[in-house]
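# sharing a sequence plus its predicted fold:
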Amino acid sequence: MLEVHIRSAGYKEAETIITNVDFSVQAGELVALIGANGAGKSTTIKGILGMLPHMDGEVTVSNYAYVPEQPVYYDYLTLWEHMELLAATKELSETWKDEALKLLHVFQMEESQHEYLGQFSKGMKQKAMLMLAFLAKPSIYIVDEPFIGLDPTAVRDFLKLLEKERKRGAGVLLCTHVLDTAERICERFLLVSKGTLLASGDITAIQQAADKPGESLLECFDSIVRRNYA
Ligand SMILES: Nc1ncnc2c1ncn2[C@@H]1O[C@H](COP(=O)(O)OP(=O)(O)OP(=O)(O)O)[C@@H](O)[C@H]1O
């Protein structure tokens, strides 16, 4: 699904931002990429997407959908027109319209489907990005911070859809600061600090790395990051 082997990467030749970031996401897996502000999470994602000017490493990624933290859209296309555009460029089968209507219903966006995205609120734009990703039915989802802008109902509905997609066999790489939710839903964690992968594995592996058996992901995260910055 996704194989990442980044030896070093950054924005300028003389300045390495991330070093030795190696991980994979398998079919049906939900993996959280976590780390403090400035740790290198977004840079890692840019490396995966081939958006870094300097990168020494290899990335193998199958058909993916990327949901950025900052929505990217056409100001003067409506939500429905964005969906039509996606269906045309991805050559989705005719059933895409049924899927689109279901998604509009789930995200309670039926009334806004013919409005311009440029006029949407922050959360509505984020919902639109998620709907477009779900409509594409990729084999891997790369989602950057979905929990901050969405209302609680939308978060719940997003998680339900994600679960359904995992059952279909899709893998998910989720970058987030919302560690209690990540702990509840993810089976593996990748803890990035100062541009490198400091700990990875299930909650037990993270607890071992933090030397905090039985503690929450947040406690372990705090302990590992503080130790690395001491
Ligand atoms: N476009 C850029 N040009 C140069 N340096 C950058 C650029 N974007 C990020 N950086 C630097 O790369 C480092 C890692 O930043 P990155 O955006 O990957 O962090 P992050 O873990 O995603 O943080 P946050 O949780 O705050 O979003 C930081 O030191 C940052 O200043």
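Right, received. Where do you want to start? Numbers count the residues shown, from 1 in each chain.

# around the ligand, which positions in this structure sit nearby?
Applying the criterion C-beta under 6 Å from any ligand atom, the portion of the chain that neighbours the ligand consists of Tyr11, Ile17, Gly35, Asn37, Gly38, Ala39, Gly40, Lys41, Ser42, Thr43. All C-beta atoms are positioned from the backbone trio N, CA, C, and that covers glycine.

# could you redo the last one with a cut-off of 8 Å?
Applying C-beta under 8 Å from any ligand atom, we find that the chain lies next to the ligand at 10-12, 15, 17-18, 35-46, 69, 145, 175, 177, 192, 195.

# what's the domain layout of the protein?
The record, using automatic domain parsing to delimit domains, assigns the chain the ranges 2-63+138-229, 76-136.

# would CSV of the ones you listed with mean pLDDT and mean neighbour count be doable?
Conversion of these to CSV gives the following (pLDDT from 0 to 100; neighbours: other C-beta atoms under 10 Å):
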stretch, mean pLDDT, mean neighbour count
domain 2-63+138-229, 95, 18
domain 76-136, 96, 17
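
# now what about stretch 91-103, what contacts it?
For stretch 91-103, contacts defined as C-beta atoms under 8 Å, 6 or more residues apart in numbering pick out Trp80, Met83, Leu86, Ala87, Met109, Met131, Phe134, Leu135, Ala136, Lys137.

# identify the residues contacting the second one.
It refers to Met83. Residues touching Met83, when contacts are defined by C-beta under 8 Å, 6+ apart, comprise Trp96, Ala100, Met131, Leu132, Leu135.

# what ranges does the chain have for its helices?
Taking DSSP state H as the test, the helices found in the chain are 41-48, 79-89, 96-106, 122-136, 152-168, 179-185, 203-210, 217-229.
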